[in-house]
Structures are given as structure tokens and as C-alpha cells.
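A.B. asks: This is the structure alone, sequence omitted:
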């Protein structure tokens, strides 16, 4: 039997957060999960009367996060694992998408994760123990037309995670960016915010992409339950990676992107070297 842990997961009502909560509870762990309504709280706590504890908290309620986390540490702590899972996808052509929609995307996907992490790090550091999982995306390494705001937010979270893993390592705190490919969640369905189309020039390149994404929703390659089991393996590992891809699609697309990046570096090497003094 592995050691029983207490996990704090943001966004446990749906998607990978919900799958991870269910698998963690089934494995005997305690799970504290953030939800955004009383109904969602009751549905979550019904998963286990003893070990599932819900907290009504939106990750963008920045002035509430520190006190909420302090209360959680007192009531249910110590928390062993923080999982920053709350997030959503924004789809829209860059030129058509208002700046306000990018602010919202970053508030949830980046600043929300940062605020929750900031609240937990002092506890982890004092205990010289802890593991932070940031759910990023293959879209934090590869990009595709029509999701510039989303990819930008995941690139930001990847960079943050990687830096933080180095800062916290001396305190025996691990940080893992978990980058899923396409999974059968609400990401491309109910959770996706789509900006209305307005510029005809983009019809030919983008409309087929939007249509394909809508049609594929619910039929994606990835199984959320298997993703959850993979994350539990990472949590149990004494030497977790700083970055983990989930799904063969993520594996293939990221490998391809990295090999193309390496060729481009080689191709422009002389120019890159020419700037040395």
C-alpha cells in the first residue's frame, strides 16, 4: 500500500480534475477540491463522506485565496500535493479576439494557478516537503492556429513551473508540469470559450479547424481515467519529472516540434554566432 496523501485540486467538477479526484479517492487518498457552486460541492463530497472535502472558491478570487488555504491547512492539512487544474480553453483568431478575452484567459489559467501556488509554498517550504502539479497542455510547447491566447497562457505556466521547480528543489519540493494531449473532457465542448468570427479572410484557413474540433469533442484519443492514474504514479514517485506529456498525440506533436526547432537552430547557427563581440 502506497502512503496515503492529502491532495488539493482546483476545479474538481469536471475534466481531468474530476478524474484525478475520483482515482485518488479510490486509491485511499484524501482530496480537497475547489468548486464554484453549492450543488457542485455536494456532488463532490458525495464521492466520499470521509475523504472528499469541497471548498467553494474561484481561482480568480485573488483576495480570498490566502485565507482559504490557511483554513484548509488548519482543518484538513497538511496538504501534500497541490494540483493546479482549474482552467479553460479559449478559441479565436488572434486578430478577432478582444484583449479582454486574453486577460480572462490569463487570470484563470496563469494568475489563478500562481495565486494558489503562492498560498501553499510557505507551508511546503516550512515542512521541507510537497509536490505541485501544474496541468498545462501540449499547447504549452506546440501551437496551432486559432488558440493563440490559450497556448500563450500554457507557455506562461510551463515557464513558471520549470523555474519554480529549480527554486523549490533545495526544500525537497517537486514541481511537475503535466501536459495532456487531447482527452475526452469538456475542454472543446462546454468549457470552451469561442470568439465569434468577423473577418472573412480567415474563413478558409480557420473554419475547417473549428468544425473539426467541435466534431471531435467527446471522441478524443485520451482517457481521463488513465491520465489520472498516470498522475497518481507521478505523485508516488520519489523522483518525479519536471515535465510529463500525457497521450501519444502529445508525444508525437511535441517531438516533431522539438526536432523542427533543432533543425532551425542549425540552419541559422552562423547568424546566431555572428553577434558575439
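C.D. replies: Okay, I see it. Because the structure is a prediction, the values reported are computed rather than measured.

A.B. asks: CA atoms for contacts and neighbours, from now on please.
C.D. replies: OK.

A.B. asks: What is the least confident helix or strand in this protein?
C.D. replies: helix 203-216 (a mean of 85; mean pLDDT, DSSP states H and E).

A.B. asks: The following helix or strand past that helix - contacts with which helices or strands?
C.D. replies: Next helix or strand after helix 203-216 toward the C-terminus (DSSP states H and E): helix 224-236. The helices and strands touching helix 224-236, judged by 3 or more C-alpha pairs under 8 Å, 6 or more residues apart in numbering; DSSP states H and E, are helix 15-26.

A.B. asks: and the angle for the helix it packs on with helix 224-236?
C.D. replies: If you take axes from the mean of the first three to the mean of the last three C-alpha atoms, to 10 degrees, helix 15-26 sits at 60 degrees to helix 224-236.

A.B. asks: for whichever helix or strand comes after helix 15-26, what is the average pLDDT?
C.D. replies: Sequence-wise, the next helix or strand downstream of helix 15-26 (DSSP H and E) is strand 30-35. Regarding strand 30-35, the rounded mean pLDDT is 98.

A.B. asks: quick revisit: in the least confident helix or strand of the chain, what counts as buried?
C.D. replies: The neighbour-count check on helix 203-216 (16 or more other C-alpha atoms under 10 Å) flags residue 210 as buried.

A.B. asks: cool, and stretch 241-249?
C.D. replies: Within stretch 241-249, the residues scored as buried using 16+ other C-alpha under 10 Å are 242-247, 249.

A.B. asks: Now do the same contact list for residue 130.
C.D. replies: Counting by C-alpha atoms under 8 Å, 6 or more residues apart in numbering, residue 130 touches 79-82, 124, 172-174.

A.B. asks: Could you single out the nearest of those residues to residue 221?
C.D. replies: Ranked by distance to residue 221 (C-alpha to C-alpha), the contacts of residue 130 are led by residue 82 at 26.5 Å.

A.B. asks: So what's the residue count around the closest one?
C.D. replies: When neighbours are counted by other C-alpha atoms under 10 Å, residue 82 registers 23.

A.B. asks: hang on, it in a helix?
C.D. replies: No. Counting by DSSP: H, G, I helix; E, B strand; the rest coil, residue 82 falls outside a helix, being strand.

A.B. asks: Pretty sure it sits against residue 8.
C.D. replies: Yes. Using C-alpha atoms under 8 Å, residue 82 is in contact with residue 8, at 4.9 Å.

A.B. asks: For the stretch 1-150 of the chain, just list every one of the strands.
C.D. replies: Along the stretch 1-150 of the chain, the stretches classed as strands by DSSP state E, counting those that start in this stretch are 6-9, 30-35, 52-56, 81-84, 90-91, 130-135.

A.B. asks: Put together CSV for these, with distance to residue 265 on each row.
C.D. replies: What follows is the strands of the stretch 1-150 of the chain, written out as CSV (distance: least, C-alpha to C-alpha, whole Å):
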stretch, distance to residue 265
strand 6-9, 39
strand 30-35, 43
strand 52-56, 47
strand 81-84, 33
strand 90-91, 30
strand 130-135, 29
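
A.B. asks: Do a quick rundown of the helices in the stretch 51-200 of the chain.
C.D. replies: 62-76, 99-106, 113-127, 148-168 (DSSP state H, counting those that start in this stretch).

A.B. asks: And the first one, what does it pack against?
C.D. replies: Just to be clear, that refers to helix 62-76. Applying 3+ C-alpha pairs under 8 Å, 6+ apart, we find helix 62-76 packed against helix 113-127.

A.B. asks: In terms of secondary structure, what does the helix it packs on contact?
C.D. replies: Other helices and strands packing on helix 113-127, by 3+ C-alpha pairs under 8 Å, 6+ apart, are helix 62-76, strand 81-84, strand 130-135.

A.B. asks: Let me know the angle separating it from strand 130-135.
C.D. replies: 160 degrees.

A.B. asks: ok so, going back, make CSV from the helices of the stretch 51-200 of the chain and add mean pLDDT to it.
C.D. replies: Listed next are the helices of the stretch 51-200 of the chain as CSV, based on pLDDT from 0 to 100:
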stretch, mean pLDDT
helix 62-76, 97
helix 99-106, 98
helix 113-127, 98
helix 148-168, 98
